Every structure is written in structure tokens, then in C-alpha cells.
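Participant: below are the sequence and a predicted model; questions follow.
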Number of protein chains: 2
Amino acid sequence: MIRLAFGAMFATFLALCAGCAGSPPQTALRGTGDLGIVIERATGRVQVVDTTARKSLSRIEGLGDLSHASAVYSRDGRYAYVFGRDGGLTKIDLLAGRIDRRVMQAGNSIGGAISQDGKLVIAQNYEPGGIKIFDAATLELLSDVPSVYGSEGKRSKVVGLADVPGNRVAYALFDAGEIWIVDLADPRKPAVTKFKDVGRQPYDGLVTPDGRHYLAGLFGEDGVAMVDLWRPELGARRILSGYGRGEEKLPVYKMPHLRGWAVAGRNAYLPAIGRHEVLVVDTSTWQEVGRIPVKGQPVFVMARPDGRQVWVNFAFPDNGWVQVIDTLAGGVVKTLEPGKAVLHLEFTPRGENVWISARDDHRVSIYDTASFALLGKIDADSPSGIFFTSRAARTGF
Amino acid sequence: MIRLAFGAMFATFLALCAGCAGSPPQTALRGTGDLGIVIERATGRVQVVDTTARKSLSRIEGLGDLSHASAVYSRDGRYAYVFGRDGGLTKIDLLAGRIDRRVMQAGNSIGGAISQDGKLVIAQNYEPGGIKIFDAATLELLSDVPSVYGSEGKRSKVVGLADVPGNRVAYALFDAGEIWIVDLADPRKPAVTKFKDVGRQPYDGLVTPDGRHYLAGLFGEDGVAMVDLWRPELGARRILSGYGRGEEKLPVYKMPHLRGWAVAGRNAYLPAIGRHEVLVVDTSTWQEVGRIPVKGQPVFVMARPDGRQVWVNFAFPDNGWVQVIDTLAGGVVKTLEPGKAVLHLEFTPRGENVWISARDDHRVSIYDTASFALLGKIDADSPSGIFFTSRAARTGF
């Protein structure tokens, strides 16, 4: 009788715990809308963070070289795809706090994207130059689009990769001076549309938040190349002919990240190159309409989601500062010192807080964007990029 | 010995299952970024849906009168707060597929909002008129702001409640002709700013996607009242003086939902009142710049997230149709028949699909917004509102 009861109880235990089997016991049921990751660049590690509790939840190791690493998210917000500098592509499970899958996909890589339908992950590579298209569930390689240009079969570095509506990606070829749009309708046979002679040495690119305009900054000349993705038949055009280092070739300590371009209302706010200024550009004419003096050479120029504020960090030697521009007042309203070597900042989805990484102080500082009060700090080993799951719902990341 | 082993095993069972205790065994670990709910208005029930698999996950019963019900989401995307017509406020757990908490908070209610920081849920009530502020975690009532106006202590119906940046809400008083902005910094002592004489009988309101402008449509006269929340010192102003039923008082089968106003690029697309037209308004001047003929009296006029398309449904007798406007071409490019009595539509976060409810055909139809292909259907009992968790990351819902 007792043995029988024991057996029955054991069976009940197994049945009750069937639901636990697929998930590690340390993981409680929770939503993913307020999660994110912080890259710990020196140690090949990421921290999973909670933007509601403002705390770290777990650390995931073994992601390789994470200098200049970036990440995109699955539709459900559970998985991040982390693109390492060494060509490693790692799919991490934020809920379980572990690596789900990992592949070495290139020799030298500089970021990636996820398709609008969430089914494909795309990596952009310097070496060998091109993009690779992976199944987002399995990381199986589906196809490879080598960035071959000219008549000698050379491959260009790929930069500025961004997802655009219609399950496509756009990117620029640094060595070729071209912009390519790739339709992923059949991911094993991607369809490429090429825009040639867009300008010399496009070094980074972005798509506007509405997904309509793809812009590539030019390193080899002053100006920006732009393609209107709604009217590709017009070809690429050159805008902002004064945008660059200018004829004097100002010393540039760090090329700004175009991905940081802020669009707020009808204006875009751009990091000037080599100058202590943020440029204001009217997006209906793409003409410069103003310049705002700031404390150093801007690197990231990022709009709070409502566009009322634009936050700016700087290249060395001013990389301990962050300044806040009020877009209504048209000037700097606050200067903060979040720590040594500020590398990145990320707003919470509705903009009430901003998280700022200070690499050499090994911390992430969290500010209230209305009062500028410091709300908390998280210890991190040489933190760089910060990426929240709300990116899953947005275009152009 | 056996009893001891049995006891030890039982203890082990308890310890191992400690992690299961808070969650029903049927629920697997999963992200919440691709979840949503469909209101089944006739049965006091909601369906939890998955926008990746395009299927129903669970049904949750016991939510009371769900005619005209709406919902907002917790920051983490796990919980929906459903506002019922009968004054019921129900917090449901999408992951567990059950009611977490429920209160009857008023006699007659018409929607609600969640604060920017996610800590407060606010209900707007017709009877008794006013708003109530609840702790989002516990649904404890923190304060009540009666909509008292004039000298006799009357309370107005409250309409058009929307969250706005700075942890505030904005709404209109139908009977008083006022717009109120409430600062929730101290939720037990909310601070009210009142704009009086904004126009006769504001019947609904919305905040622009950037959170800057609050607009209230007027029923008692032609026109729209607007407050620039960045410059409240300017007071409320009247715009679009031709917007309304006009001097002839056209028959209106259903007042359009202002919350459906679409802002795409610099233009807003508005349902005309009583006319078979969608109005195009330049948001930099708030002047009408065009009218697009459509199949019926528009109810919801909603922009795909990238603003390239605007989708429109109609009042009876044209409520079996949905039309798609191409904002670049400036006209209708597609007419669909999703079923009888189309009540609502909701885009997936990045706009690749749209879900459309057809009440009298008891189904939700899912379309590809690029090809207009019908991708799937979900059976639902008199479906009305569809709300996806991506709303948690957006302002003005």
C-alpha cells in the first residue's frame, strides 16, 4: 500500500512537473517587454537587464569579441541576436539567461539586422565582404550575397545595414560607392537592386524611423547619399553637400554613428563631423536649417522617443560628458557627467528614463529624462552597447 | 524507512516544484512581444493571441460587459488592463491565461490609459464623471478626480483620455467644454491644469504619436480643439473650423473614433464626419490640404506603422468593407471584404500584417499588408477591439 501510494505520488510529481521540463527551474514566468541587454565588451559577455526594476537579471558568457557589438531582437522579445566583431553571431535566450545557438559566420563583422517578419537574421561583413542571411530560428545559413563590384571580382566592405519595410534590407558598399537594396521574399534567392556611383566611401547608413529614406554618410567627400525607398526609380541623390570634414579636413577623433541620427518632428539632428556642433536638417527639404553648439565632437545624437529632447555623447577627450538639447528651445539645457568614456545610450520604450554606459567607470547610469535625477547604477565590465527589447517593434535597427 | 524515503521524496517534490507554484503547468516559458488580445464583446471574454504563429492561445472569461471595451498594457507586456463599459477594470495575465485582479470602479466607463512609467492605470468614467487612478500592480484606488465644472457642482462625462509624456494624462469634459491635463507625480494628490471654453461638446480626443498635441473633436460645433502640450501657456486653440457635420447637419451613422487618426509623415488623415471622405491635414499648419473619396462614412482611419498606407473601415451600411489608401499616390489602392460588421483593425508592430475583426461573421482575418493576401483567420465570438502588446511601448493609447 505504501509503495503503491509512493508510486502514485511519484507519477503525480512527474505529471505536475512536465511543464517545468523545458525551462530551467531558476527562471520564473515573466514578460519580456521591459528586458534588455548590456554588452560587456572586454569579456565577451552580456548582462540581461530589467528596465522596470532597474537591475541586472543574469550574465551570459562566451560571446567572443564584442568590441563594436550590436544586437537585434526576435518578434517575441525573448531572443537577442548579438553580432560580434569577430564574425560570431550568437542567439541568446533572455528568459533562460543562456546561449541558445551560436555560429561563426565571417572573419570580420560589423552588425546586422532582422527582417520585418522576424524570420531572417542578416549579418553584414567586412571580410569577406557581403551579407549573409540566416534562419532566425535555427541560424542555418540560407544564402550569401557577396559584395562584388567592378570588373575584377573584388568584394567591398559592407556598412550601414538596416531592415526596411517589405521584408528588405538596405546597405552601402564602402569600397564600391554603391547602395544595395535586397528583397528577402525568397531568402534562398535574394533579389538585389543596385544604386551605383552614390558617392565616395559611404561609411555608415541609416533608415529614417518611418522606413522611407535610406541615407549613407560619405567619408571620401562631403555629403550624404540618399535613396527614397518609396520612389527607387528616382535613383540615389546627393544631399547636404556641406556635411563632412570640409576642405580643411578637420581632425576627427571618432567618426560619428549615423545610426544615432535623431529625427524629431520634421527635423533631423545630426552629429557634425570634426566640429563641436549638432546640425539641424529639415527632412522635407533635406536642407540644413541650424547648428547647435555642443561640448565636443558628437558621436551619438539620439532623440527621446517623443522628440522633445536630443541627447548627445562625444568623442575623446570630451567622452565623459553627455548633453541634452531641448528641441523647442533649440539649445543645450543640461550637461551631465555619467562617467568615463561614455559609449552608448538607450531610452526606455516610452522615454521616461535613459540608460548610459560609461566604459572606463564600469557602470551603467540610469537617469530620469524629465528631472535629470540619477535613478540608479548597474555595475558592468567595460559596458558598451545597450539594447532594449522594444527594438523588436521598430524599423531600421 | 519507506515512510522516510516517501517523506524525503515528497520534500524533494515540493522543492523542485517551488518554481511551478506561481504559474499553471500548461504555460511554457515564452516572450510577450508578439502577444495580444481580441475582445469577444458579447460574452465578456477575451482571447489571447500570438501574432507570430497567427493563432489563439487561450480564452479568459468573466470580464463583464465588453461592448466598446479597450485595453492598455503593462511595461513588461505580460498584463493587459481591460476597461469594460460597465465600469469593470480587469487585469489579465496573458502568460498564465487568467484574470489576475478585477475591480468594479464605476457605473459607466469608456476606456483608460496607463502612465508613462507603467505604475498607474487611469480609468475615464461617464457615470459618475471623472477619472480614477489605480496602482497598476494591485488595482488599489489611489485617487479620484471628479469632473466637476460650473457653479452647481455638476460632473461631466469624461472622454478622450490619453497618456502624455511626463507621467501625465489629458482628457476632455463633454458637458463642460473643457480639456484637463493631470500630472500624476504624486498619484494620491494629482495636479490638475484646466483649459476652459475649448468648444462645445468635445466627444473624443487623441494625442499625436509624438505626444505633443492633444486634440479633441467637437460635437456641438464644427471644429477641433487643440492644446500644444509643449506650450500650454498658449492655451487651447480652435483648428479645422470646417471639420464636423456642417451647417446642413448630415446624418451620421456612427461618430468616428478620433483615436484612429493616422499621422503619416507630416500629414494627418482624419475620418470626415457624415461624408464618404478621408481628410488630409498638414500637421505643421493644421490646415486641410486634401480629401480622398472612400466607400462610406469612415470610422477608424489608421496608418500602417511606416505611414505608407492608411486603412479605413466604415459605418453601417458600408461596414463590410475596408479600404487601403496609398499615401504617396494619394488615393485608394485596394478594397477588401473582411466580413460582416468590421469593428476594428490592428497592425503587427512593424506593420507587415493587419488583423481585422468582423463581428457578425465571428472571425478575425489576418492580411499581408504588402500583397493583401489573406494569411489566416481566427474564430471569435462577436470580436471587436484587437490590442497587441506593442502598445506598451507607445504613447497616447
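Facilitator: Perfect, thanks for sending it.
Participant: where does pLDDT dip in the stretch 151-300 of chain A?
Facilitator: For the stretch 151-300 of chain A, the stretches with pLDDT under 70 are A:247, A:260.
Participant: quick one: the strands in it?
Facilitator: Taking DSSP state E, counting those that start in this stretch, the strands of the stretch 151-300 of chain A run over residues A:154-155, A:158-164, A:168-173, A:178-183, A:191-195, A:202-207, A:213-218, A:224-228, A:236-239, A:262-264, A:267-271, A:277-282, A:287-293, A:298-303.
Participant: adding distance to chain B and mean neighbour count, write those out as TSV.
Facilitator: Bear in mind the C-beta positions are built from the backbone N, C-alpha and C, glycine included. Formatted as TSV, those follow (distance: least, CB to the nearest CB, whole Å; neighbours: other CB atoms under 10 Å in any protein chain shown):
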stretch	distance to chain B	mean neighbour count
strand A:154-155	30	15
strand A:158-164	8	25
strand A:168-173	10	27
strand A:178-183	11	22
strand A:191-195	14	14
strand A:202-207	10	24
strand A:213-218	11	26
strand A:224-228	10	23
strand A:236-239	17	17
strand A:262-264	8	22
strand A:267-271	11	25
strand A:277-282	11	20
strand A:287-293	13	15
strand A:298-303	10	24
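Participant: out of those strands, nearest to residue B:278?
Facilitator: Among those, strand A:224-228 comes nearest to residue B:278, with 23.8 Å by CB to CB.
Participant: name the helices or strands packed onto that closest one?
Facilitator: strand A:178-183, strand A:213-218, strand A:236-239 (3 or more CB pairs under 8 Å, 6 or more residues apart in numbering or on different chains; DSSP states H and E).
Participant: contacts for that strand next, please.
Facilitator: Identification of contacts with strand A:224-228 by CB atoms under 8 Å, 6 or more residues apart in numbering or on different chains yields A:170, A:172, A:179, A:181, A:195, A:198-199, A:202, A:212-218, A:234-240, A:243, A:286.
Participant: and stretch A:283-294, by the same measure?
Facilitator: Contact with stretch A:283-294 is made by A:208, A:213, A:226, A:239-240, A:242-243, A:263, A:266-269, A:272, A:276-282, A:312, A:314, A:323, A:325, A:330-332, B:266, as judged by CB under 8 Å, 6+ apart.
Participant: pull the distance from it to the chain's centre.
Facilitator: Stretch A:283-294 sits 24 Å away from the centroid of its parent chain (CA atoms, centre = their mean, to the nearest Å).
Participant: now do the helices in the stretch 1-150 of chain A.
Facilitator: Taking DSSP state H, counting those that start in this stretch to define them, one finds helices in the stretch 1-150 of chain A at A:2-16.
Participant: correct me if wrong: residue A:101 contacts residue A:140.
Facilitator: No - using CB atoms under 8 Å, residue A:101 makes no contact with residue A:140, being 9.7 Å away.
Participant: neighbour-wise, which of those two wins?
Facilitator: More crowded of residue A:101 and residue A:140, by other CB atoms under 10 Å in any protein chain shown: residue A:101, with 16 against 11.
Participant: can I get the strands of the stretch 151-300 of chain A in a markdown table including distance to residue A:385?
Facilitator: Supplementary listing: the strands of the stretch 151-300 of chain A in a markdown table, determined by distance: least, CB to CB, whole Å:
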| stretch | distance to residue A:385 |
| --- | --- |
| strand A:154-155 | 27 |
| strand A:158-164 | 15 |
| strand A:168-173 | 19 |
| strand A:178-183 | 25 |
| strand A:191-195 | 29 |
| strand A:202-207 | 15 |
| strand A:213-218 | 20 |
| strand A:224-228 | 24 |
| strand A:236-239 | 28 |
| strand A:262-264 | 17 |
| strand A:267-271 | 17 |
| strand A:277-282 | 21 |
| strand A:287-293 | 25 |
| strand A:298-303 | 10 |
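Participant: tell me which of those sits nearest to residue A:92.
Facilitator: Of all the strands of the stretch 151-300 of chain A, it is strand A:158-164 that lies closest to residue A:92, at 19.5 Å by CB to CB.
Participant: the closest one pairs with which strands, and in what direction?
Facilitator: Paired with strand A:158-164 in the same sheet, following DSSP bridges, are strand A:168-173 (antiparallel).
Participant: contacts for the strand it pairs with, please.
Facilitator: Contact with strand A:168-173 is made by A:113, A:115-116, A:122, A:124, A:129, A:131, A:147, A:149, A:156-164, A:178-184, A:198, A:202, A:204-205, A:207, A:214, A:216, A:225, A:227, A:229, as judged by CB under 8 Å, 6+ apart.
Participant: wait, residue A:373 touches residue A:366, no?
Facilitator: No - using CB under 8 Å, residue A:373 is not in contact with residue A:366; the gap is 9.7 Å.
Participant: those two: which has the busier surroundings?
Facilitator: Set side by side, residue A:373 and residue A:366 show more neighbours around residue A:366, with 20 against 10, by other CB under 10 Å.
Participant: so who does the more buried one touch?
Facilitator: Residues in contact with residue A:366, defined by CB under 8 Å, 6+ apart, are A:54, A:353, A:354, A:355, A:356, A:374, A:375, A:376, A:377, A:378.
Participant: at 6 Å instead, please
Facilitator: Residue A:366 makes contacts with A:54, A:353, A:355, A:375, A:376, as judged by CB atoms under 6 Å, 6 or more residues apart in numbering or on different chains.
Participant: for it, helix, strand, or coil?
Facilitator: Using DSSP: H, G, I helix; E, B strand; the rest coil, the structure places residue A:366 in strand.
Participant: mind listing the residues bridging to it?
Facilitator: residue A:355, residue A:376.
Participant: distance of it relative to residue A:337?
Facilitator: Computed as CB to CB, to the nearest Å, the residue A:366 to residue A:337 distance reads 15 Å.
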